[in-house]
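S.K.: Sequence plus the predicted model coming up.
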Amino acid sequence: MTKEEVLAKVAAGELSVDEAAKLLADQETIRRGTLYCKVSQKGAVSLYGLQRMPVTLYVEQWERLLGFADELKAFLTEHDAELKRKQR
């Protein structure tokens, strides 16, 4: 259920504010840590779930980045000993 659907149910009296808050909190917990995309207001693609703020690039930038994926993977493998990993 989307945020808009939850709000509509509250407005219609089908859900209490407490029930709606719990549903929205549950949705946020599910989304945290999972990657998902949205189209931004300016028509770019925003990737959520990677870091605190979304990573937003235009289609051409995503295509260029994805085309570079093999080189990036090779670089990461080659420099693995030098790289730090974030502890979760």
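M.R.: Yep, it's here.

S.K.: so where's this protein uncertain?
M.R.: Within the chain, the segments meeting pLDDT under 70 span 1, 26, 28-32, 88.

S.K.: Mind jotting down where the helices sit in it?
M.R.: Remark: helices assigned in the chain by DSSP state H are 3-11, 17-31, 59-67, 69-78.

S.K.: okay, those helices in CSV with distance to Arg85 next?
M.R.: (C-beta placed from N, C-alpha, C; glycine too.) Formatted as CSV, these follow (distance: least, C-beta to C-beta, whole Å):
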stretch, distance to Arg85
helix 3-11, 33
helix 17-31, 23
helix 59-67, 21
helix 69-78, 11
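
S.K.: I'd like those helices as TSV, with distance to Gln51 and mean neighbour count appended.
M.R.: TSV is the format used below for these (distance: least, C-beta to C-beta, whole Å; neighbours: other C-beta atoms under 10 Å):
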stretch	distance to Gln51	mean neighbour count
helix 3-11	22	13
helix 17-31	14	12
helix 59-67	15	11
helix 69-78	17	10
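
S.K.: Quick one: closest of those to Lys86.
M.R.: helix 69-78 (14.1 Å; C-beta to C-beta).

S.K.: what is the residue most central in space within the chain paired to in the beta sheet?
M.R.: Ranked by distance to the mean C-alpha position of the chain (C-alpha atoms, centre = their mean), the top residue is Tyr48 at 1.9 Å. Under DSSP bridges, the beta-bridge partners of Tyr48 are Tyr36.
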